[in-house]
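Q: the sequence isn't on hand, but the structure is:
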């Protein structure tokens, strides 16, 4: 299998002790490309240095809604400057992670919306895909995407919405990121939605070190779990793991504008 992990946080300290060995295991397992996402201004340089240092790693930069109280108005302009500085570099693949989080009630929704729209406009300006965090905020996200119409689309990370919401995202040019969550037997609604999605909608991800799959409970999640996640989701859909790996990698390659591996 040849796989692409479209959503990791490999820069996090969770991986400091064994990052090199982990990347070697990933290559041996066929996880050929991984996207590392920035979440606040303070970690962009760390993400960039990691992407430059390792073959197969690509970088995206954004201001994550969970860190809303850390983001300053100046950080949006700093993001524009950062994207300008690295525009056209083959290691820069997207704007993200950003979006809306209505699960955490302490996060001001109006400030989230302003930050979301500002970054979506940057994705449009720089003609990059948008890698979106959407938690209990699908209606607001879909409405915003319909209004601003990002031409490059992007990925709805850790998609856990309904089939109807999935269809809306697909019409807007977005792919749906699937990882550990639907491998859990109790995720009944999500597992049903996964069986209904067209193959051209799906990209695979881990969200490492978070969202461990059912086969690795209560552990640090890792890109080397992606083959097991792919196998579990393929079984759920009644297809071979190779079919799902091929389709998801093709979808990611096309979305990011990469040459096939």
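A: Right, received. Where do you want to start? In this text the structure is predicted, and so the values were computed from the model without any measurement. Numbering: from 1, shown residues only.

Q: what's next to the helix or strand hosting residue 4, contact-wise?
A: Secondary structure assignment for residue 4, by DSSP states H and E: strand 3-8. Residues from elsewhere that reach strand 3-8 (Cβ atoms under 8 Å, 6 or more residues apart in numbering): 26, 29-37, 97, 131, 155, 157-158, 177, 179, 203-208, 223, 226-227, 230, 245, 248-249, 252-253. Where you see a C-beta, it was placed from the backbone N, CA and C, and this is true even at glycine.

Q: which strand in the chain has the most residues?
A: strand 92-101 (DSSP state E).

Q: only the buried residues of the next helix or strand after that one, if you could.
A: Per DSSP H and E, the first helix or strand lying C-terminal to strand 92-101 is helix 109-125. Residues of helix 109-125 classed as buried: 109, 112-113, 115-116, 118-120, 122-124 (neighbour count, 16 or more other Cβ atoms under 10 Å).

Q: and for stretch 96-112?
A: 96-102, 107, 109, 112.

Q: one more: stretch 159-170?
A: Quick answer for stretch 159-170 (16+ other Cβ under 10 Å): 159-161, 165-166, 168-170.

Q: and for it, what's in contact with it?
A: Contacts with stretch 159-170, where a contact means Cβ under 8 Å, 6+ apart, come from 134, 138, 142, 145, 156, 176-178, 181, 189-190, 192-193, 196-198, 201.

Q: for ChimeraX, what selects the buried ones among those?
A: With 16+ other Cβ under 10 Å as the burial test, the buried ones among the contacts of stretch 159-170 are selected in ChimeraX as follows:
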select :134,138,142,145,156,176,177,178,181,190,193,197,201
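
Q: so of the contacts of stretch 159-170, which ones are in strands?
A: Judged by DSSP E, strands contain the following of those: 134, 156, 176-178.

Q: wait, which of those residues is closest to residue 17?
A: Using Cβ to Cβ, residue 177 is the member of the ones in strands among the contacts of stretch 159-170 that lies nearest residue 17, at 26.8 Å.

Q: need the per-residue pLDDT for that closest one.
A: pLDDT, residue 177: 98.

Q: ok, it touching residue 154?
A: No: the pair residue 177 / residue 154 is not scored as a contact, 9.7 Å apart, by Cβ atoms under 8 Å.

Q: tell me the spacing between residue 197 and residue 137.
A: 20 Å (Cβ to Cβ, to the nearest Å).

Q: then residue 111?
A: For residue 111, the distance to residue 137 equals 13 Å [Cβ to Cβ].
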